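Student: Let's see this in three dimensions:
(2 chains)
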Amino acid sequence: EAGVAQSPRYKIIEKRQSVAFWCNPISGHATLYWYQQILGQGPKLLIQFQNNGVVDDSQLPKDRFSAERLKGVDSTLKIQPAKLEDSAVYLCASSLGSRWTLNGYTFGSGTRLTVV
Amino acid sequence: RKEVEQDPGPFNVPEGATVAFNCTYSNSASQSFFWYRQDCRKEPKLLMSVYSSGNEDGRFTAQLNRASQYISLLIRDSKLSDSATYLCVVTRSSGGSYIPTFGRGTSLIVHP
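Tutor: This is a model prediction of the structure:
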């Protein structure tokens, strides 16, 4: 089975610019997660989708971050405008359902963002 | 208090040693639990789910203690290839869904 696809792999932007990340989950996975992982820290959940609805976005900085999953399949995460502290790896993960424990969450390779 | 806490380490052990990590969580109503492994500059990968009765997978044993609100991971006969960061994951229920929270990870270095 194909894994979680993310693009781009790397992105360097200047502060105040905008950037978008794309994620295509494993086919049939209803739940999609976006995480931010700053160097030396664990992944921090930004937003969780169940199909095309938002389950949790309590840690998403909504003044600059937005995400959508319009057709309940692939998803985009946008930052506008970017700040230096947004430099991190942005990880997308998916699961059959949020209550499905057998196989946990499958992660994509991530997008490494550097804001200069 | 953080929702999920782990000792960041590093734990520096010789090959063949037994090493144990703990992860504490603050929400007594937490639902499901996992251990993930993350290699340097790679994505996290599922190591094992943690079940109430405890479970074992080869050299790895996971335990859940709901009364004291922690999960543990025991690695026996450590290999050089076990060197990685071990992340614990705890989920809470919200509106019928489970929301996962990752710990900051514990770094393990296995040396010859």
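Student: Tell me what B:Phe102 is bridged to.
Tutor: B:Phe102 has the following beta-bridge partners by DSSP bridges: B:Val89.
Student: Wait, it touches A:Tyr33, no?
Tutor: No. Taking contacts as CB atoms under 8 Å, B:Phe102 lies outside contact range of A:Tyr33: 10.4 Å. Any C-beta I mention is one placed from the backbone N, CA and C, and that applies to glycine too.
Student: Can you check which residues contact both of the two?
Tutor: Counting by CB atoms under 8 Å, 6 or more residues apart in numbering or on different chains, the shared contacts of B:Phe102 and A:Tyr33 are A:Leu45.
Student: which residue packs closest to the most far-flung residue of chain B relative to its centre, ignoring adjacent ones?
Tutor: In chain B, the residue that sits farthest from the middle, by CA atoms, centre = their mean, is B:Gly95; the gap is 25.9 Å. Nearest non-adjacent residue to B:Gly95, counting by CB to CB, 6 or more residues apart in numbering or on different chains: A:Val55, 6.9 Å away.
Student: in what helix or strand does the one you found lie?
Tutor: strand A:53-56 (DSSP states H and E).
Student: That strand: how far from the chain's middle?
Tutor: Between the centre of strand A:53-56 and the centre of its chain there are 13 Å (CA atoms, centre = their mean, to the nearest Å).
Student: Check stretch B:52-68 too.
Tutor: Using CA atoms, centre = their mean, the offset of stretch B:52-68 from its chain centre is 10 Å.
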